[in-house]
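Participant: Prediction below, plus the sequence it came from.
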Amino acid sequence: MANAPEKYAGGSNRGMEEGLILGDKQRVPAAHCAYCGQLNDAASGVEHNAKPQPGDAMVCLGCSGLNVYAEGGKLRRPTPEEVKRASKDLKLQMVRLAAFKLALERKKL
Ligand SMILES: [Zn+2]
């Protein structure tokens, strides 16, 4: 899909299954998850190592919430159209499922 937003998992990915589909972890400007408030200062691309840009999707590893990077590195809740698009993205859904499982194991949910 041309010009599709990139996807990221944010926060500590310790506990994520090795070799899932995540790229290298990299530091990003600290921003709070729009759902659970976890401060996310790192991100791993889903099958890439690019830095997050405004409009890219981010799955919080604290709660599995779908966030979107806004200008300045802040995180916001997705629009209904972004939620619809994300629901059709199998790899993004796999990351959300893995993040949900991780959050359950950490007993945050
Ligand atoms: Zn969260």
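Facilitator: Nice, thanks for sending it over. Residues are numbered from 1 along each chain as shown.
Participant: hmm, who's touching the longest strand seen in the chain?
Facilitator: For the chain, the strand with the greatest residue count under DSSP state E is strand 22-32. Residues from elsewhere that reach strand 22-32, judged by Cβ atoms under 8 Å, 6 or more residues apart in numbering: 9-10, 13, 16, 38-52, 69, 72-75, 95. C-betas here are computed from N, CA, C, even on glycine.
Participant: In PyMOL, select just the buried ones from those residues.
Facilitator: Buried residues among the contacts of strand 22-32 (16 or more other Cβ atoms under 10 Å), as a PyMOL selection:
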select buried, resi 9+10+13+16+38+40+42+43+44+45+46+52+69+73+75+95
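Participant: is any part of the longest helix anywhere in the chain close to the ion?
Facilitator: Counting by DSSP state H, the longest helix found in the chain is helix 90-105. No - contact of helix 90-105 with the ion (Cβ under 5 Å from the ion) is absent, the minimum separation being 8.1 Å.
Participant: Next, the buried residues of that helix.
Facilitator: Buried, per 16+ other Cβ under 10 Å, within helix 90-105: Leu92, Val95, Arg96, Ala98, Ala99, Phe100, Leu102, Ala103.
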